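> sequence and predicted model, in that order:
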Amino acid sequence: MPKFLIGLFCSLGFVLNSWGQVITPLESYPVTQSAKTSLTRHARTNAEGDTVSLPFFDDFAAYTGVPSAGYWQKGGGVHVNNQFGVNPPSVHVATFEGVDAAGRPYSPTATYGYTDTLTSKPIRLNNLNPTDSVYISFYWQAGGLGGFPEINSESQPSFLELEFKDRTGNWQQVWRQPGANLRTNFARVILPITNASYFHQGFQFRFRSSGLQRGTGDTWNLDYIYLDRNRRASAPDLRDVAISQNLNSLLKRYTAMPAPHFFAQPQAETNDSAFTRINNFNNLFAPIAWRGYVKGINPVTPADTFLRGNAAIEPLVQQYLINGKPNATAISNAGNFLEIKHSLFLSTRETNARLRQNDTVSRITVLGDYFAYDDGTAETNFSLNNFGSRQLAYRFDLNMPDNVTAIRVYLTKTNVPGTVINFRIWTDENGSPAGASATQKTFTIPPIDSLNRFYEITFPTPVAVRNQFYIGYSLTSSVPDFVNIGFDLNEEALGQIYHNNGGGWLSFTDEKGALLMRPVMGNVLSSPEEPEEPIQQPDPEKALNIFPNPSTGLINIAGNYQQVCLTDVAGKVIFCKTKAEAGNQLNLNNLSKGLYLLRFTQKNIAITKKIILTN
């Protein structure tokens with residue numbers, strides 16, 4: 001194994017064990033269009049001028065993607081997310097690592113130096129002075145679900161620092177946290193601003209990280225940044241009760257599944273508990289109430305409240321659990337594609353609108369054409385070792401017979417273009433993949449751009465499956481390279497990943513996480529052994545054509561439909577429009593190149609078309 005890889009595995013706490021799985025940091029990170037859109041909506045509610053006034057507060061709870069233009073200068077590489085923080089003060093954190101704002105590593109080699117920067121907009125402090133008790137506070141975390149920062153040294157500088165800009169325009173370091181080869185909990189820092197040279201109209205502060213300039217190897221998380229006058233170091237930051245974590249999956253076994261399989265056993269497939277955790281920043285009891293509900297958003301269905309409660313939360317309590325059982329009967333069987341949102345919001349009686357932004361959390365579940373254990377985002381890489389022939393299999397359990405048409409897999413930028421993979425489907429044999437795969441499809445890894453994404457591998461003939469089946473891949477001994485698949489550390493598929501290096505199938509039981517690899521299901525069958533019912537084709541007048549395909553962005557539609565929904569291959573809905581809204585042409589120029597799905601509905605008929613964007 002290359003010396004560099006050994007260093008990564010050891011220093012970052014990731015493993016290469018006797019069964020052969022390797023967990024390594026991501027070298028690039030996706031920047032999504034939805035994140036940019038969310039930011040734009042949020043930024044309009046904040047100051048857009050060159051300078052801002054006190055109080056300055058951002059806990060990143062209202063958006064994801066690039067930091068808000070209302071508080072922060074553009075650029076710097078920091079991304080706001082709900083992935084990498086562990087038990088943060090409030091939902092969403094700002095993450096610093098070795099990836100720039102476009103999702104690319106700062107360096108193609110294992111060099112060390114400055115990486116991400118988060119710089120405030122200029123802040124008016126010219127009417128204040130050191131006697132006004134101006135303090136800045138924030139929370140930091142080393143590692144989180146990224147790689148933990150290595151021990152700081154002269155040859156490998158690894159740290160997070162805070163700097164202030166003085167009236168001469170020079171940056172002065174006021175705080176630094178060195179890397180210690182450890183993952184930490186969030187820790188609070190509060191600092192007074194007492195130097196008279198900082199009290200000017202263009203005061204700024206910035207956080208900078210230093211570490212490995214390639215990927216998420218040296219990760220820092222930042223949250224709950226608050227700058228104001230008339231503060232005391234011993235006093236709480238704000239009288240705020242904040243949601244800390246995203247909601248768990250609405251489904252018990254999966255994060256997404258085909259609608260027919262869900263509605264075959266809705267009670268069994270609905271999670272017993274939907275929960276989040278909250279933090280009380282008050283040094284007094286905080287009387288609050290909360291409500292949780294489930295509703296369909298595509299198509300729209302009425303909201304069903306599954307949780308109501310209230311309590312006086314103890315002073316300064318952290319990670320207080322709020323949970324309730326969703327009602328499966330409230331999820332309407334509205335067809336073969338549904339998007340369901342379950343939400344929880346707090347009633348805290350907070351008068352500050354900025355603080356209310358951390359009082360709501362929501363999660364969307366797709367009942368579409370695929371199964372998933374993951375949430376669609378990867379925090380790290382997963383691969384088999386590169387010794388000899390090896391196979392990986394991923395288990396899925398069905399509620400009714402079906403067939404598999406394709407595999408969607410999240411390949412990261414660390415893969416070597418030209419590497420050949422044989423994707424396979426296995427039926428079950430006594431609780432393990434059968435000796436011979438039911439089908440296979442050879443796939444050559446293409447050059448992967450900086451936006452990690454799902455690739456769809458379609459099999460020539462759908463494979464009939466029932467009860468349990470497995471998807472995965474095999475690599476021959478002639479493939480010397482690692483094949484890296486996205487690995488989600490926020491979800492779990494414990495015991496569902498299998499490995500075979502020639503000595504039989506073994507299950508991984510010690511790695512918490514989920515592979516970003518998904519089976520795409522076809523038409524539900526009565527039984528794999530029984531003759532397949534003929535598929536009813538739509539009437540000719542209802543048939544649809546889209547052109548040109550591939551396209552640079554403008555898509556023409558020929559045919560009748562009532563609604564069209566555009567999704568990526570991960571199942572994430574980008575938009576839905578009626579025929580009156582969309583007409584006979586769609587403009588997709590704002591989307592990145594790649595494969596997308598257009599799903600047209602006309603009464604009880606649904607037609608899905610694949611579209612390739614080349615812009």
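Perfect, I can see it now. Keep in mind it's a predicted model, so treat the numbers as computed, not measured. Numbering: from 1, shown residues only.
> could you identify the helix or strand that succeeds the helix or strand residue 226 falls within?
Assessed by DSSP states H and E, residue 226 sits inside strand 215-228. Tracing the chain C-terminally past strand 215-228 and defining elements by DSSP H and E, one meets strand 241-243 next.
> what's residue 116 sitting at in phi/psi?
Main-chain dihedrals, residue 116, degrees, to the nearest 10: phi -80, psi 150.
> quick one: the strands in the stretch 451-600 of the chain?
Assigned strands in the stretch 451-600 of the chain, in chain order: 453-465, 468-475, 485-488, 497-500, 506-507, 514-515, 517-521, 545-547, 554-558, 563-568, 573-578, 585-587, 594-602 (criterion: DSSP state E, counting those that start in this stretch).
> hmm, back to that, can I get the CA coordinates of the strand holding residue 226 in PDB?
Coordinates of each C-alpha in strand 215-228 appear next as PDB, following Å, rounded to 0.1, in the frame of the first residue of the first chain:
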ATOM      1  CA  GLY A 215     -10.100  16.400   0.800                       C
ATOM      2  CA  THR A 216     -11.800  16.100   4.200                       C
ATOM      3  CA  GLY A 217      -8.800  14.700   6.000                       C
ATOM      4  CA  ASP A 218      -8.500  17.600   8.500                       C
ATOM      5  CA  THR A 219     -12.000  18.800   9.200                       C
ATOM      6  CA  TRP A 220     -13.200  21.500  11.600                       C
ATOM      7  CA  ASN A 221     -16.800  22.500  12.300                       C
ATOM      8  CA  LEU A 222     -18.000  25.900  13.500                       C
ATOM      9  CA  ASP A 223     -21.400  27.000  14.800                       C
ATOM     10  CA  TYR A 224     -23.300  29.700  16.700                       C
ATOM     11  CA  ILE A 225     -21.200  32.800  16.000                       C
ATOM     12  CA  TYR A 226     -22.300  35.800  18.000                       C
ATOM     13  CA  LEU A 227     -20.800  39.300  18.200                       C
ATOM     14  CA  ASP A 228     -22.400  42.000  20.300                       C
END
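> quick one: mean pLDDT over that strand.
The average pLDDT within strand 215-228 is 94.
> please apply the same query to stretch 193-203.
The average pLDDT within stretch 193-203 is 97.
> equivalent analysis for stretch 257-266, please.
The average pLDDT for stretch 257-266 rounds to 94.
> endpoint to endpoint, it covers what distance?
The straight-line separation of the ends of stretch 257-266 (C-alpha to C-alpha, to the nearest Å) is 11 Å.
> buried residues in that stretch?
By neighbour count, with 16 or more other C-beta atoms under 10 Å as the criterion, the buried positions of stretch 257-266 are 257, 258, 259, 260, 261, 262, 263. In short, each C-beta sits where N, CA and C put it, glycine included.
> pick the one among those closest to residue 593.
Nearest to residue 593 among the buried residues of stretch 257-266 is residue 258, at 27.8 Å by C-beta to C-beta.
> how about the strands of the stretch 451-600 of the chain, which one is nearest residue 252?
Proximity to residue 252 (C-beta to C-beta) singles out strand 514-515 among these, at 14.3 Å.
> just checking, what packs against the closest one?
Counting contacts by 3 or more C-beta pairs under 8 Å, 6 or more residues apart in numbering; DSSP states H and E, strand 514-515 is packed against strand 485-488.
> and of the strands of the stretch 451-600 of the chain, who's closest to residue 313?
Each of the strands of the stretch 451-600 of the chain has some distance to residue 313 by C-beta to C-beta; the shortest is strand 485-488, at 30.7 Å.
> now the helices for the stretch 351-500 of the chain?
For the stretch 351-500 of the chain, the helices defined by DSSP state H, counting those that start in this stretch occupy 353-356.
> again, but for the stretch 1-150 of the chain
Counting by DSSP H, counting those that start in this stretch, the stretch 1-150 of the chain has these helices, from start to end: 3-11, 33-43.
> by mean pLDDT, show me the worst of those.
Lowest mean pLDDT of these: helix 3-11, a mean of 30.
> list the contacts for residue 271?
Residues near residue 271 by C-beta atoms under 8 Å, 6 or more residues apart in numbering: 248, 249, 250, 251, 252, 325, 326.
> what are the buried residues along stretch 325-342?
326-328, 330-332, 334, 336-342.
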